[in-house]
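**Q** fold the following.
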Amino acid sequence: MNKQLLAVVDQGGYPDFTALYESLGYGVETVSTPRKANSFLKKNPVHMLVCEFNFQTDFRDRTSSLESILASVQHQTDIKVVVFLDAGNTERFERVSSRFPIHKTLVFPFDEEQLRQAVTID
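**A** Here you go, the predicted model:
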């Protein structure tokens, strides 16, 4: 059985990395909303979660929809979380990453090799 990777492509604007993930032995599920991500996570064991941090000013109690996803997986100690981040949001992201375990953070622009290293589990 493949390891499962969930890719949450909220805003996107970067290449589709499905072929890379599959070449590393992952079964890949891609969703476009935090709600779909949480639904998938409730029903399926996931080894790797790849998602974006997009700062959102319209939230009262959080900075991003990423926080909802991370809250739903915080009890899963074996899941690895890789976050894509714009450099301009680094300070805002630090508030999130201080509360949730993040395996790797990749700041745009990053190359495919950096992503390969981030999602490769020894």
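
**Q** can you tell me how far the closest residue to Ser65 other than its chain neighbours sits from Ser68?
**A** In this structure, Ser65 finds its nearest non-sequential neighbour in Pro34, 4.1 Å apart by Cβ to Cβ, 6 or more residues apart in numbering. Every residue, glycine included, has its C-beta placed from N, CA and C. Separation of Pro34 from Ser68 (Cβ to Cβ, to the nearest Å): 5 Å.

**Q** who's more crowded, these two?
**A** Set Pro34 next to Ser68 and count neighbours by other Cβ atoms under 10 Å: Pro34 wins out with 19 against 14.

**Q** isn't the more buried one up against Leu70?
**A** No: the criterion here is Cβ atoms under 8 Å, and Pro34 misses it with Leu70 at 9.9 Å.

**Q** where does pLDDT dip in this protein?
**A** 1, 55-64, 122 (pLDDT under 70).

**Q** what about the helices in it?
**A** 18-23, 34-43, 66-73, 90-97, 112-119 (DSSP state H).

**Q** quick check: angle from the fourth one to helix 66-73?
**A** Regarding helix 90-97 and helix 66-73, their directions subtend 20 degrees when assessed with axes from the mean of the first three to the mean of the last three Cα atoms, to 10 degrees.
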